[in-house]
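>>> the amino acid sequence is not available; the structure is as follows:
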C-alpha cells in the first residue's frame, strides 16, 4: 500500500482501476408497500485506460468494505447477456483482474479488511494524498456523467438549488422508482456510456478502447472465484477450539477440518492458543474461512445452524439479536433462531408509510438478499468473444507472513499530522473567536471562518 500524487500514464487496460462510493440522487420506494425508503449507495470501479465500468453495486448499506467487496467481485466476472451484448458482444468481456486499485482515504478503504483482501489477491492498493483529486479523477467524473445522462431526469431525483429553480421553486422529489427498476436503468445507462464517444479518449467509445487492448494484451483473470470469496471478506482474529470458531454469537465448525488443523498444530509445535485470521462475508453468514498458517491456505467452516445463517446478512443477524434482547427472549437453539428470523421477515412485510424514512431504510437493509454468485463457467483460455484469458494465481498462497493481517488502519503519518494540525488550528481559532465575541459590543458583528475548505473541480 502506498500514497501517490498524480498517477502516471497507463499503458493497457486493467493496469490501474479506481473505485469509490456515492449516494445516488434519486429517492427509492419499497417494492411492496410503495413507501419512500431513501437514497441508495452506488459503488463503482472504473478502468483508467479505457474508462470502462468494470462493476457496480447498489444497496441501502452505508459505504463499507462489504459494499466495495461486492462490487469488486463483479469486476472479476464476465457480463453474460448484459444489455446490448447481442449487437456489441465485447460488452460481455469487460471484466478482469486489475494490477493496481486506487481508492480514497475513507476508513472503509484504509482499514484492515481492504488491505488484507488486496494483499491476498495480489493487487497493489494505492491511496492518493489528501486534497489531490487529480490522482483519482475518473471515478469522480463518472458519477457526474451518470447524473447528467439519466439520474437528474428521473422522477424522484434530489436536486441542488439551481436545478430546483429550473423545475420550479416548490419542487419536492417524490419516490417513484423501486430498487429493481433503478438496476435496470443503470444497466441501460452503462450500456449507452460504453458505446458512446468519450472526450477523454479522443472521441472513441470506452468499449472500443477496451476491445483494442483486450485483443492485443489479453484479459488477466482469476478462475477460482470460490477462493476469491474467502479472501475478499471482512477480517477478524479468533482462536480455533475443538468446537470450532465463534464469531458474532454464531458457531462455525467442521469436525474433520477442525481436528486435522489442531493435530497439525501439535505436530509442528504451533501454539494453538494463537489467534488465527478469520474472514466472513457480511452479506452471507452461512460460513467463514480461517487461514491455516502452516499450509498457507484458507479452510471453510460452515455455521452449525445453517438453516438460520445461510443467506443471512450481518445487519439482519444483529437486528434479530437486538429484537430478542429487547423482548427478553433467549437466542440459543436452532428453533429459536429460525423463529426469530421468521418474525423478522414478517416485520418487513408489515412496513407502513407511517414510518419515518430512517426506519424504512433500515427495513430495506433487513429485506436485502445475499448476492447471487457468479462464476467463469468453463470459459477455458478464451473469453465469450474469443479473447485470450490469462490465468493468475492469488498471492495468498505465496505470502510469508503466516496470514497475519495488517496492524490497524494505515492512513499515513502525514495525514495524521495534518489532521492534528488542522484540529489545533481550529481549537485556537475557536478560542480567539470566543474572546473576540466577549470583547465586542452586542451590536457589532463578528466575521469568522474557522476553515478554508475547497471542494473538487470537475471537468
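That came through fine. On a predicted model such as this, the values are computed, not experimentally measured, just so you know.
>>> what sits against residue 217?
When contacts are counted by Cβ atoms under 8 Å, 6 or more residues apart in numbering, residue 217 touches 12, 13. Any C-beta I mention is one placed from the backbone N, CA and C, and that applies to glycine too.
>>> what about it, distance to residue 390?
Relative to residue 390, residue 217 is positioned 8 Å away (Cβ to Cβ, to the nearest Å).
>>> residue 115 now?
Per Cβ to Cβ, residue 115 is found 25 Å from residue 390.
>>> so between those two, which is more surrounded?
Counting neighbours by other Cβ atoms under 10 Å for residue 115 and for residue 390 shows that residue 115 has the greater number, 21 against 13.
>>> in this protein, what helix or strand scores lowest on average pLDDT?
Among the helical and strand segments of the chain, the one scoring lowest on mean pLDDT, DSSP states H and E is helix 161-167, with a mean of 49.
>>> can you name the next helix or strand after that one?
Tracing the chain C-terminally past helix 161-167 and defining elements by DSSP states H and E, one meets helix 179-195 next.
>>> skip ahead from that next one and say which helix or strand is next.
Sequence-wise, the next helix or strand downstream of helix 179-195 (DSSP H and E) is helix 206-217.
>>> does anything pack onto the helix or strand following that next one? Which helices or strands?
Using DSSP H and E, the helix or strand that directly follows helix 206-217 along the chain is strand 219-221. Under the contact criterion of 3 or more Cβ pairs under 8 Å, 6 or more residues apart in numbering; DSSP states H and E, the helices and strands touching strand 219-221 comprise strand 389-391.
>>> and the strand it packs on, what's its mean pLDDT?
Across strand 389-391, the average pLDDT comes to 91.
>>> ditto for stretch 290-306
Along stretch 290-306, the predicted local confidence has a mean pLDDT of 93.
>>> buried ones in that stretch?
Of the residues in stretch 290-306, those scored as buried under the neighbour-count criterion (16 or more other Cβ atoms under 10 Å) are 290, 291, 292, 293, 298, 299, 301, 302, 303, 304, 305.
>>> give me the element residue 285 is part of.
strand 284-292.
>>> what pairs with that strand, parallel or antiparallel?
strand 276-281 (antiparallel), strand 297-302 (antiparallel) (DSSP bridges).
>>> which strands and helices sit next to the very next helix or strand once past the last one?
So the one you mean is strand 297-302. Per DSSP H and E, strand 297-302 leads on to helix 306-309 as the next helix or strand towards the C-terminus. In terms of contacts (3+ Cβ pairs under 8 Å, 6+ apart), helix 306-309 is packed against strand 284-292, helix 334-349.
>>> contacts for the shortest one?
Same thing as strand 284-292. Outside strand 284-292, the residues touching it (Cβ under 8 Å, 6+ apart) are 229-230, 233, 238, 240, 245, 247-248, 250, 252, 261, 264, 276-280, 297-303, 306, 309-314, 317, 370, 403.
>>> in this structure residue 277 contacts residue 240, no?
No: taking contacts as Cβ atoms under 8 Å, residue 277 lies outside contact range of residue 240: 10.8 Å.
>>> ok so, going back, make CSV out of the buried residues of stretch 290-306 and add distance to residue 180.
Shown next, in CSV, are the buried residues of stretch 290-306 (distance: Cβ to Cβ, whole Å):
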residue, distance to residue 180
290, 36
291, 37
292, 41
293, 44
298, 34
299, 37
301, 34
302, 31
303, 29
304, 34
305, 30
